[in-house]
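J.: here is a sequence together with a model predicted from it:
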Amino acid sequence: MQIFYIRDIEKFEFQHETACIIGNFDGIHKGHVNLISNLIKNAKKYNLKSSCVVFYPHTKILIFDKVQNLTTFKEQIEILKNLGIENLFILKFDKKIQNLQPIEFLEKSTKSLNIKCFTVSQDFKFGKNASGSVDIINNFCIKNDIYFDKIKEFLYNNEVCSASKIRYYILNGKINIANEMLGFLYFIHGKVVKGLQNGRKIGFPTVNILYKKIKIIPQNGVYQVKVSIDRFIYNGICNIGVRPTILSNGIKVVEVHILNFNEIIYGEFIKIEFIKKIRNEIKFASLEDLKNQIEIDINYIKN
């Protein structure tokens, strides 16, 4: 996959004719994968270069200032690399692009990226104030002799598979449903930092994770997880929350007890994949009660 960074769409001209999809593509969920599959089919059918236009930063960042994503931009690119797209156009999303009327955006992008086929989901919105619709694209394509393909929304259990719906499930502890919509286990990367070492004192040492705030962190609670360290994968239980039994400063932490692992890994970066939520975070009467519950949690994931 070739990657092109476009700061000014009016100063970029791509020589090859392309079939394009356009959007934020946060999470690269099953709906996105379905769209990309149809894009590649259309590119082969019309002898075009399969291409993905991704806005950077996320289009909502100029509106809300802060957006929590399902994937970092680096993770997004890595996932796209494995889906068979030939070109990735990373388009700088600034006030100039944000304020383009739908037809203006279509005219400029079509000319710049040599677009000869648009593949879009039926709920796609674009242009200033998201005023552009699929019908506008279809009419534009008819007038300019461009192929057009509208893809039905991808459903999971009769629900539209979307990034906003996946965020909802992650934030409400239904990580298993989010994973089904994503098509992979939701994950975060983080740096291992030194904690209070209370887990070690009760026989269950944990690694504390310094994570990127740009990503959504699941609802507070205890989760069954997979932990990747270098090229090795371990089972574990992850606690997300404020550790009410031990400390009550209200600071949210992510800590993992890794099964069958006793190495010191401060400073290393690890990957945590969330399989399912086991239970809510609980304030126990004593450390002994906490220890007993952790033993129950570990036996649960082992079985």
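T.: Sure, I can see it.
J.: how about Leu259, what does it touch?
T.: 234-237, 298, 301-302 (Cβ atoms under 8 Å, 6 or more residues apart in numbering). C-beta: built from backbone N, CA, C; applies to glycine.
J.: which members of these are positioned in strands?
T.: Among the contacts of Leu259, the members found in strands (DSSP state E) are 234-237.
J.: columns distance to Thr18 on top of those, output as JSON lines?
T.: Putting these into JSON lines (distance: Cβ to Cβ, whole Å) gives the following:
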{"residue": "Tyr234", "distance to Thr18": "43"}
{"residue": "Asn235", "distance to Thr18": "44"}
{"residue": "Gly236", "distance to Thr18": "44"}
{"residue": "Ile237", "distance to Thr18": "47"}
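J.: ok so, going back, what's the closest of the contacts of Leu259 to Leu106?
T.: Gly236 (48.2 Å; Cβ to Cβ).
J.: the closest one bridge partners, please.
T.: Val225, Ile258 (DSSP bridges).
J.: please compute how far the strand or helix carrying Val192 lies from its chain's middle.
T.: Element membership for Val192, per DSSP states H and E: strand 187-193. Remark: strand 187-193 is offset 15 Å from the chain centroid, using Cα atoms, centre = their mean, to the nearest Å.
J.: could you do stretch 49-61 as well?
T.: With Cα atoms, centre = their mean, you get 13 Å for stretch 49-61.
J.: one more: stretch 235-248?
T.: 24 Å.
J.: quick one: buried ones out of the ones in strands among the contacts of Leu259?
T.: For these, a burial check counting by 16 or more other Cβ atoms under 10 Å picks out 235-237.
J.: name the helices or strands packed onto the strand holding Val192?
T.: When contacts are defined as 3 or more Cβ pairs under 8 Å, 6 or more residues apart in numbering; DSSP states H and E, strand 187-193 packs onto strand 207-211, strand 269-279.
J.: which one, of those strands, ends up nearest to Ile246?
T.: When those are ranked by distance to Ile246, counting by Cβ to Cβ, first place goes to strand 207-211 at 12.4 Å.
J.: now do the closest one: which elements does it pack against?
T.: With 3+ Cβ pairs under 8 Å, 6+ apart as the test, strand 207-211 has strand 187-193, strand 253-258, strand 269-279 packed against it.
J.: quick one, the strand holding Val192 and strand 269-279 angle?
T.: Strand 187-193 and strand 269-279 meet at an angle of 110 degrees, taking axes from the mean of the first three to the mean of the last three Cα atoms, to 10 degrees as the criterion.
J.: ok, residues contacting strand 187-193?
T.: So strand 187-193 is in contact with 72, 75, 207-212, 215, 217, 254, 265-274, going by Cβ under 8 Å, 6+ apart.
J.: using a markdown table, lay out the contacts of Leu259 together with distance to Ile21.
T.: Formatted as a markdown table, those follow (distance: Cβ to Cβ, whole Å):
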| residue | distance to Ile21 |
| --- | --- |
| Tyr234 | 37 |
| Asn235 | 37 |
| Gly236 | 36 |
| Ile237 | 39 |
| Ile298 | 44 |
| Ile301 | 39 |
| Lys302 | 43 |
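J.: please identify the buried residues of the helix or strand harbouring Glu288?
T.: Here Glu288, judged by DSSP H and E, is contained in helix 287-302. By 16+ other Cβ under 10 Å, the buried positions in helix 287-302 come out as 290-291, 294, 297-298, 301.
J.: equivalent analysis for stretch 143-160, please.
T.: Those would be 146, 148-149, 151, 154, 156, 160, for stretch 143-160 by 16+ other Cβ under 10 Å.
J.: quick one: which of the ones in strands among the contacts of Leu259 is nearest to Lys194?
T.: Gly236 (18.2 Å).
J.: right, and that closest one touches Val227 too?
T.: Yes: counting by Cβ atoms under 8 Å, Gly236 does reach Val227; the two are 4.7 Å apart.
J.: where among the helices and strands packed on strand 187-193 is average confidence lowest?
T.: Mean pLDDT values for these show the minimum at strand 207-211, a mean of 92.
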